[in-house]
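A.B. asks: Would you be able to build a 3D model of this:
(5 chains, ligands or ions: 4)
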Amino acid sequence: MIPSIPRSRFLTASYTAYIVLFFIFLALPLVVVAVFAFNDSQFPSLPWEGFTWSWFFGDARPMIGVFHERPILRAIGTSAIVAVFVSILSVGVGLSNAFLFNRYRFPGQGILYVFMLLPLVIPGIVLGISILVASSRAAEGLWDMAQWDVAALRPGLTLVILGQFSFVATIATLVIAARLQKFDQTLEEAALNLGANRLTAVRTVTLPYLMPAMIGAFVVAFLMSFENFNTTLMLVGSDAPLTIAMFDRLKEGSTPLLNAVSLLLMLVSSGLALIMIFAQRRD
Amino acid sequence: MTPDLECLNLVKRFGDTTAVDTVSFDVPRGSFFSILGPSGCGKTTIMRMIAGFLEPTSGDIQIRGRSVLNTPPNKRPVNMVFQHLALFPMMTIAENIGYGLRRKGMPRDEIARKVDEALERIGLPGIGNRKVDELSGGQKQRVAIARCMVLEPDVLLLDEPLGALDLKLRERMKVELKALQAAFDTTFIYITHDQSEALVMSDQIAVMNNGRFEQIGSGQDLYYRPASAFVAGFVGDTNRWSGQVTRIEGDEMEIRTDSGLLLRGASHGRPLSAGDSAQIFVRPEAIRIAHDTEELSHFDNRMTGRVASLLFNGAASRIIVQDPDGREEIEVNLPQSGEFAGLKRGAEVHIGWSGAQGNCFAAGVR
Amino acid sequence: MTPDLECLNLVKRFGDTTAVDTVSFDVPRGSFFSILGPSGCGKTTIMRMIAGFLEPTSGDIQIRGRSVLNTPPNKRPVNMVFQHLALFPMMTIAENIGYGLRRKGMPRDEIARKVDEALERIGLPGIGNRKVDELSGGQKQRVAIARCMVLEPDVLLLDEPLGALDLKLRERMKVELKALQAAFDTTFIYITHDQSEALVMSDQIAVMNNGRFEQIGSGQDLYYRPASAFVAGFVGDTNRWSGQVTRIEGDEMEIRTDSGLLLRGASHGRPLSAGDSAQIFVRPEAIRIAHDTEELSHFDNRMTGRVASLLFNGAASRIIVQDPDGREEIEVNLPQSGEFAGLKRGAEVHIGWSGAQGNCFAAGVR
Amino acid sequence: DTLRLLTWGGYAPENVVAKFEEETGHTVEVTKSNNEEMIAKLRATGGGGFDLAQPSQDRIAGPQAEFGIYKPIDLSKIDAALFIPSMLAATKANTTVGGEIYGVPHVWGTSGLVVDTSKAPSVKDYTDLCGADVAGKVSYRLKRPTLIGFAFAMGMDPFAAYGDEAAYKEVMDKVEAKLVDCKPNVKTYWGGGDELMGLMRSGETVAAMAWDTGGWKLNADNPDITFVAPASGALGWVDTFALPAKGRADDAAYAWINFVMRPEIAAMITEAAGNFTASKGADEFAAADLKARYQASFPPEALDNIKWYPPVPAGLEAIEGGVLDRVKAAQ
Amino acid sequence: MRAQAKLGLFLLLSPLLLWLTLLILIPHVDMLLVSLRERIGVGQYQIGLGNYFTFFSEPLYLRTFLRTAVMSILATAITLLIAFPVSYYIAKMARGRVRSALFLLCLVPFWVSELVRTFGWMILLRETGIISNLLQILNLTDGPVELLYNDAAIMVGLVYTSMLFMVVPLVTTLESLPDEVIEAGYDLGGSGLSVLREIVIPHAMPGIVSGCIVVFMLSLGNYLTPTMLGGKDSLWFTELIYSQFIVRFNWELGAAFGFMLLILSSTIVWGMLKLTGQSLEKTMG
Ligand SMILES: Nc1ncnc2c1ncn2[C@@H]1O[C@H](COP(=O)(O)OP(=O)(O)OP(=O)(O)O)[C@@H](O)[C@H]1O
Ligand SMILES: Nc1ncnc2c1ncn2[C@@H]1O[C@H](COP(=O)(O)OP(=O)(O)OP(=O)(O)O)[C@@H](O)[C@H]1O
Ligand SMILES: [Mg+2]
Ligand SMILES: [Mg+2]
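C.D. replies: Ligands and ions are numbered 1, 2, ... in the order given. Down below sits the predicted model:
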């Protein structure tokens, strides 16, 4: 069942048909979302009422476009800020973890590694509530003890960032560690041999080598943060990131405004993903 | 003149295993010194100690007469060409070659000049802007050497640098490496487990086994005058038999092999006495073939056998001769003239060699 | 007796490139047939067509006289040892060897018996329960062959099976493969780009270049009587010059090389006339060295030059001689006797060879 | 200052926010929510994260007693003259905990039935949603108003049972049985106002339990659809202003309250949300067609029959929660 | 040298330990503690297993719990069945540019948020949606059909949403299977099915397991898809947790639910690893 093995024409045809069907299945919801962003109707559904840009640029009720809908714009901003923080934190900690597990041997390392993988098998909502519970109790404790009100421990952006970071860091670690694993340590030795000290060797040789993985991890972290819902839902305060804001809207019922936002999201994240692909192509 | 590199009683232990066991040698300025030995004998360990990546358990390493034990690797006046070259894949060729110079803080334009010069020297001018993976194996090899040579090290270490190349390229690079050494006029210390590499290139070769040096000498020394059974077996192809010394006459002797063959050999000054277990080595090219026994009358070892196998390989063709009782197989080189090229499997041949060509060693010494 | 395998005007095109161009050959039962050629010449393509993984563009493939073009690969009576062996890593050795038998629906106990037998045959009894990655390279090699051989194929195809092994192991496996073939008494078709492998093992060798067979013959045929300039250059080491034919006398001729050297050679029946561009090939072992010119008087090519380089390698030692004007470098084998082992770089030497050893080919034919 | 407003959809329309920001220099961040989420969020933040919340008046006292998430309102900072006095008084009474007042009224309205009269003429009360003629074409929320509404329609008085957990539980058990029976009739349980509008407008449902304003909005597009006050009485609610305990911008909050209670601003909110406010005199600014629909839905006797929510005692929600979960899960 | 290595180890170890203790360990311990608190009055609590007792004594909770588990396993199985041929095609049948293009196409849907994907399915499946209309146009039904708000819709949503996490590990492991090995299987007389069973699937096992674990986790912990696509009958366990926290303000019971979910997921993942003889490090790391 590889191209070099002869197969009956019928089998080939049905296999191809299956693949085509699969990709239609994959594309359908997205295409529909994108198309109905241009429906000149209050509802993202048939019948087709004609083409309009209003859901992007409209500024009069009832068709206020994305670019005039302040709460949505603000939510996008919030999401972006959260995502940037989560990505930076995750890539930083991921980098440190990758070095730790790749370069050092210490007692308990195996257990620690498994422990590090655990966030992947904890449901997001459980992560969310556990952090919510713990931070609230900490905050109440501080309040009772010293009348300190630590806003960072209350639902809000800090907790959202920490909550997302708590599992995105694992993914970043895996992405970076996978590449570090492939790194030929003699390259570092070669740098030492050519007169670099340890830090310089890491800076000039290892980090550039890891760069594609770090960019990749950053983009993955960014996307995961941007689209995270379960954990965020439990930790969000007054500044709702985009997914939460959209969810709230969707609960209220949908207008093509949501399609328009979605389409923009698709474009932006495709762009990001392309950046990642190019970053990884380079080597 | 102080030697470029001198190792004194170098020892390295990893836990229980002694990877390098009291090794001493010195390498004169400008020479090509090889360490030849089977896999795992401790070659890389020596080299890493010289480069500074490993600390010796005991012993001293001196470069140009000064101990470098307390010098960190990035400060030692030695550079190393790694087995897989370890070129930096994220940099261009020029950046690779300039790396060490940048670490020294040399001004940019001077670096550029030096890099161009080095590229010129290795016969690859104008490739500075290419990426590492745009080069062929042989070109990479030369760049790796140039990257070290721009730093003008006192000693260049090379750890099996041809190991990763394919056969044809290796053959070519052997000759080329020797030429590069002449061009840069630096001391090369070369590690290999391939005897032909060591023989072709080196001024001096140290044969290493199990952490110890068995013999240091020129290629001819090792090939024609091996100091131990190990060297005799490891350097060059050879026939080898074990047996018992039955008779000693000065330097000459007679050995009965375990399968019953009676062979004459020479001890070349090594102490051996009748009754000792011994090993005897005879090189395939030391054995003559003839159409009739007459021609071989001046040899003290003579035999008539059948061709068990014909390994035609041009000038390096060989036959495997089975002795009449089928007890032993003897590899014999065919003359380069192609005279016996027409031999067939099963044909009868007469072979003979002089006892002086049979190198005898006491068994168990190896 | 019909040959085990017969290919008739086999052609394979990939788009514009013709990977295999009208190749015809037959392989007699029980023989060891090699296809030797440089990388990319189309060797693998032929083999994959025989195994059934590629459909020929035109031509026919017959096994024991029956065309197999319409037989799918899993039904063809040929088996293949892949370059990287393709042992199934998820199975034990015994399961690997028994795989094909299970596919045939053979009963379990019979499979077990056959597998044990095969393991015995390849000299690895009792390793059936090991995992693939617990074996050494050479052992894997033998298991891969055993896995095919239990199926008793009419033809065994081997695609550079030694390519992934290291040097020493290759040398050993060469001899061993030949022995295995004898043991199993099956037709082997062996692909390689390493001429020494082909020469040592094969009964017949086809030299392939650019999709075409240049010559089919025994190792000696190819080595001593190359049919084309390509074969002369590819099989065995050789000195090569290009030049112009200045004079023809029957089979003998005179050529002036591009650098001005006047050499005598022979066309061995190939049509060449004065004024033609030609190439002349002389093997390093065909050239004699002497201390004085007298000894060389019977050679029609004589020269006095200096030793440019000394490549000591035991029996295979060579020197590179530079002609007096420094125009050409000539590789010359040293006699195996070690007679000239004492030569030094820069020493004057006299060399000579007979014109009959200078193989001439019209240029551009290659 | 930034005023972080936790409110219902439609209570802070863009144009009002813009006007407020222009006038006062404060900026407004609106988070849309519902009663439960408001309480849950404020509970999680210990009354922080927001500067002004708008829970219903019946949902203030209980959570305040349990979690202490609000701070008392300083009535001196509020222009009482802007409020309809009766409503202000009632709300104050309902939101008093420990002698302090925690809420002042903002928007009020009712919930009842939205019916496509051409397709489901039979639906007059909540229990009619379970009729066979509208099978598969009705919708309601799985929230406490539904429970209360059904209880009334089934002839009980849940409000009377508020003080007695056992009695209340009994009422709820009956409602649960009814709702489980009714379940096959339901197309889906709606969650947000717009979602219901979509369902009704597209004809996927023909009758639903809903807020009055939704019905009126739909009526503007399709005269067949309108809000119907159920025979057993519409449920009346009042959404309030309450100050979260750790709000940081009280001044802006008071400013906002006083701003939106101005009649002309209140009318803008009425236009956006569809509901009337407790602002005195805003009626004059309200659109005529809205008033007309209001009057059509609420003939005087229906107006008198509105059941206003009394404050919910702490603990009842657990009973209701169990009921709702079981209804949702029932097969 | 030694001291330097110690310092390096310490510096690299501290972020990891901070992260794991502060964000994973302590919160979960806290959650456990909260779940062991029983509310006995306004603002009064005592330690006890009451919340877990509530969980086990209320059939609704148990049923939802099991339903969620079964549906998630089903979703995982369906995803695997759909994804395997596709991954195989990408890894082994497609070549060069086609392969990267197909692989990218597989990834595209996952660059947008789950919300958007789910939203797309809502537009497609609802009674007035595309598919219903299409069926009417094709005269396959005479009236609009409701495809949303049922378990099948949830299943479609779950499978769709987790497809990527199955395809990527499968493609990666399948790509690492050399064509040579498959060819060897045929060459030795294997048929398509036997090669698949004896060679391809055993080789792909780590990928299958890691894909299944991730997909299972995602389905089990999903909130959006079941709430948005699910109907009046489809309660998901995460919804229960959410409603305990948000609607009922009953953190104690919610924490107990959360813990039950954690136990469920760990048990099933552990069982899956044991059953296939894989380890977490091997499949995820
Ligand atoms: N870091 C280490 N810890 C423990 N043992 C080691 C270490 N490095 C090398 N050894 C052991 O020391 C011995 C010599 O190793 P070394 O790498 O020097 O061999 P080598 O001669 O370079 O072999 P090769 O030709 O295979 O490269 C081996 O037995 C090896 O197992
Ligand atoms: N599937 C293919 N599509 C297009 N061209 C191909 C294909 N397979 C092989 N070729 C081309 O056919 C020619 C012969 O390839 P082949 O693999 O047979 O060479 P080879 O002699 O086996 O080389 P090597 O020694 O490197 O394995 C090459 O030029 C190659 O690029
Ligand atoms: Mg080594
Ligand atoms: Mg090939």
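A.B. asks: Please count neighbours and contacts with C-alpha atoms only from this point.
C.D. replies: Noted.
A.B. asks: For residue B:127, give me the pLDDT.
C.D. replies: At residue B:127, the model reports a pLDDT of 86.
A.B. asks: Next, find the distance separating it from residue B:212.
C.D. replies: Note on residue B:127: its distance to residue B:212, by CA to CA, to the nearest Å, is 43 Å.
A.B. asks: Of the two, which one has the most company?
C.D. replies: residue B:212 (22 against 16; other CA atoms under 10 Å in any protein chain shown).
A.B. asks: In contact with the residue nearest to that one when sequence neighbours are not counted, which residues?
C.D. replies: Nearest residue to residue B:212, sequence neighbours excluded (CA to CA, 6 or more residues apart in numbering or on different chains): residue B:21, at 5.4 Å. Each residue near residue B:21 by CA atoms under 8 Å, 6 or more residues apart in numbering or on different chains is listed here: B:9, B:10, B:11, B:12, B:211, B:212.
A.B. asks: would you say the third one is within a strand?
C.D. replies: Yes: counting by DSSP: H, G, I helix; E, B strand; the rest coil, residue B:11 falls inside a strand.
A.B. asks: Where does the residue nearest to residue B:212 fall, secondary structure wise?
C.D. replies: Per DSSP states H and E: residue B:21 is located in strand B:17-27.
A.B. asks: Helix or strand next in line after the helix or strand bottoming out on mean pLDDT in chain D, which one?
C.D. replies: Sorted by mean pLDDT, DSSP states H and E, the helices and strands of chain D end with helix D:300-304, the least confident at a mean of 73. Following helix D:300-304 in sequence order, the next helix or strand is strand D:307-308 (DSSP H and E).
A.B. asks: Need the residues that contact that next one.
C.D. replies: With CA under 8 Å, 6+ apart, strand D:307-308 has contacts from D:233, D:234, D:235, D:236, D:237.
A.B. asks: roughly how far is that strand from the heart of the chain?
C.D. replies: How far strand D:307-308 lies from its chain's middle: 12 Å, per CA atoms, centre = their mean, to the nearest Å.
A.B. asks: same thing with stretch D:137-149?
C.D. replies: Distance, centroid of stretch D:137-149 to centroid of chain: 13 Å (CA atoms, centre = their mean).
A.B. asks: Does the strand or helix carrying residue D:6 reach chain A?
C.D. replies: Using DSSP H and E, residue D:6 sits in strand D:2-7. Yes: under the criterion of CA under 8 Å from any CA of the partner chain, chain A is reached by strand D:2-7 at D:4, D:6.
A.B. asks: burial count for the closest residue to chain A within the stretch 151-285 of chain E?
C.D. replies: Chain A sits closest to residue E:221 of the stretch 151-285 of chain E, with a gap of 4.7 Å, by CA to the nearest CA. Here the number of neighbours of residue E:221 (other CA under 10 Å) works out to 26.
A.B. asks: For chain B, state which of the contacts of strand D:307-308 is nearest.
C.D. replies: Nearest to chain B among the contacts of strand D:307-308, with distances taken as CA to the nearest CA, is residue D:237, at 68.4 Å.
A.B. asks: Spit out the contact partners of the closest one.
C.D. replies: Per CA under 8 Å, 6+ apart, neighbours of residue D:237: D:56, D:57, D:108, D:109, D:110, D:111, D:308, D:309.
A.B. asks: just residue A:150 next, same as before
C.D. replies: Contacts of residue A:150 (CA under 8 Å, 6+ apart): A:139, A:142.
A.B. asks: SS state for residue A:214?
C.D. replies: Three-state call for residue A:214 (three-state DSSP): helix.
A.B. asks: how much space between it and chain B?
C.D. replies: 15 Å (CA to the nearest CA, to the nearest Å).
A.B. asks: what does residue D:175 give?
C.D. replies: The value you get for residue D:175 to chain B, if CA to the nearest CA is used, is 72 Å.
A.B. asks: touching chain E at all, the helix or strand hosting that residue?
C.D. replies: Using DSSP H and E, residue D:175 falls within helix D:165-182. No: judged by CA under 8 Å from any CA, helix D:165-182 stays clear of chain E, getting no closer than 10.8 Å.
A.B. asks: Dump the following helix or strand past that helix to PDB, restricted to CA.
C.D. replies: Sequence-wise, the next helix or strand downstream of helix D:165-182 (DSSP H and E) is helix D:193-201. Extracted in PDB, the C-alpha atoms of helix D:193-201 (Å, rounded to 0.1, in the frame of the first residue of the first chain):
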ATOM      1  CA  GLY D 193     -31.700  36.100  24.500                       C
ATOM      2  CA  ASP D 194     -30.400  36.400  20.900                       C
ATOM      3  CA  GLU D 195     -30.400  32.600  20.600                       C
ATOM      4  CA  LEU D 196     -34.100  32.500  21.400                       C
ATOM      5  CA  MET D 197     -34.800  35.200  18.900                       C
ATOM      6  CA  GLY D 198     -33.000  33.200  16.300                       C
ATOM      7  CA  LEU D 199     -35.000  30.200  17.100                       C
ATOM      8  CA  MET D 200     -38.300  32.000  17.000                       C
ATOM      9  CA  ARG D 201     -37.500  34.100  13.900                       C
END
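A.B. asks: The following helix or strand past helix D:193-201 pairs with which strands, parallel or anti?
C.D. replies: Sequence order places strand D:207-211 as the next helix or strand after helix D:193-201, per DSSP H and E. Sheet pairing for strand D:207-211, assigned by DSSP bridges, gives strand D:104-116 (antiparallel), strand D:138-139 (parallel).
A.B. asks: Show the average pLDDT along the shortest one.
C.D. replies: Across strand D:138-139, pLDDT averages out at 86.
A.B. asks: What's the nearest residue in the stretch 51-200 of chain B when you look at chain E?
C.D. replies: Closest contact between the stretch 51-200 of chain B and chain E, by CA to the nearest CA, is at residue B:72 (10.1 Å).
A.B. asks: Tell me how many other residues crowd that residue.
C.D. replies: Neighbours of residue B:72 (other CA under 10 Å): 15.
A.B. asks: got it, and residue D:289?
C.D. replies: Residues near residue D:289, counting by other CA under 10 Å: 11.
A.B. asks: buried ones in whichever strand or helix holds it?
C.D. replies: Element membership for residue D:289 (DSSP H and E) is helix D:288-297. For helix D:288-297, burial by neighbour count (16 or more other CA atoms under 10 Å in any protein chain shown) applies to D:290, D:293, D:294, D:297.
A.B. asks: For the first one, give its distance to residue D:220.
C.D. replies: Read it as residue D:290. Counting by CA to CA, the gap from residue D:290 to residue D:220 is 9 Å.
A.B. asks: I'd like the strands paired with strand D:207-211 written out as JSON lines, with mean neighbour count added.
C.D. replies: JSON lines is the format used below for the strands paired with strand D:207-211 (neighbours: other CA atoms under 10 Å in any protein chain shown):
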{"stretch": "strand D:104-116", "mean neighbour count": "25"}
{"stretch": "strand D:138-139", "mean neighbour count": "27"}
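A.B. asks: Need those in JSON lines (columns: distance to residue C:243).
C.D. replies: Listed next are these as JSON lines, based on distance: least, CA to CA, whole Å:
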{"stretch": "strand D:104-116", "distance to residue C:243": "103"}
{"stretch": "strand D:138-139", "distance to residue C:243": "99"}
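A.B. asks: Quick one: closest of those strands to residue A:78.
C.D. replies: Ranking those by proximity to residue A:78 (CA to CA) places strand D:104-116 first, at 29.7 Å.
A.B. asks: Kindly indicate whether residue 19 is helix, strand or coil.
C.D. replies: The chain I'm using is chain A. helix.
A.B. asks: meant chain E actually
C.D. replies: Applying three-state DSSP: residue E:19 is helix.
A.B. asks: wait, what's in contact with the closest residue to it other than its chain neighbours?
C.D. replies: Spatial nearest neighbour of residue E:19, excluding adjacent residues (CA to CA, 6+ apart): residue A:166 at 7.0 Å. By CA under 8 Å, 6+ apart, the contact set of residue A:166 is A:119, E:19, E:20, E:23, E:24.
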